[in-house]
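[1] Fold the following for me, if possible:
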Amino acid sequence: MDEFISNASQFAVGLKVLAIDHDPTVLDFIVQTCDELKYQVVTCTESLQALNLVRERKVRIDVILMELHMSNMNGLEFLQHIKNDIPVIGL
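    Numbering: from 1, shown residues only. The predicted structure is shown next:
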């Protein structure tokens, strides 16, 4: 794992990740992993909060990691409401 982190961190230092999940434990794991990779992370526990963040573009977002089964709207519904210029990885 350390070798992976070393190689990955050289790839995209400063990558801005938006992590969306209702479970704080999952978000903590994502934050910890991204910190090791020297990525910046913004977290949201609700899909509507995340949608507003993405739409307002007040924060640069390079990739979205998102739970597919969220409250208020599922992952596919979320994708329909955002532009397709940000890569999304479903969890």
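[2] State the number of residues packed around the closest residue to residue 91 other than its chain neighbours.
    Of all residues not flanking residue 91 in the chain, residue 67 sits nearest, at 5.3 Å (CB to CB, 6 or more residues apart in numbering). Heads up, the C-betas are built off the backbone N, CA and C, glycines and all. Residue 67 has 20 neighbouring residues, counting by other CB atoms under 10 Å.
[3] and residue 17, how many neighbours?
    Other residues near residue 17 come to 21 when the count uses other CB under 10 Å.
[4] what about this structure, any weak spots by pLDDT?
    1-11 (pLDDT under 70).
[5] one step back: what sits against the residue nearest to residue 91?
    Applying CB atoms under 8 Å, 6 or more residues apart in numbering to residue 67 gives the contacts 20, 21, 22, 23, 26, 75, 90, 91.
[6] can I assume residue 79 sits in a helix?
    Yes: applying DSSP: H, G, I helix; E, B strand; the rest coil, one finds residue 79 inside a helix.
[7] ok, now which ones touch it?
    For residue 79, the contact set (CB under 8 Å, 6+ apart) comprises residue 88.
[8] let's go with 10 Å and repeat that
    Residue 79 makes contacts with 64, 66, 68, 73, 86, 88, 90, as judged by CB atoms under 10 Å, 6 or more residues apart in numbering.
[9] Just name the closest of those residues to residue 80, please.
    Checking the contacts of residue 79 against residue 80 by CB to CB gives residue 73 as the nearest, at 8.8 Å.
[10] Doesn't that closest one belong to a strand?
    No: with three-state DSSP as the criterion, residue 73 is coil rather than part of a strand.
[11] Report how many residues lie close to the closest residue to it other than its chain neighbours.
    Spatial nearest neighbour of residue 73, excluding adjacent residues (CB to CB, 6+ apart): residue 47 at 5.0 Å. Close neighbours of residue 47, defined as other CB under 10 Å, add up to 21.
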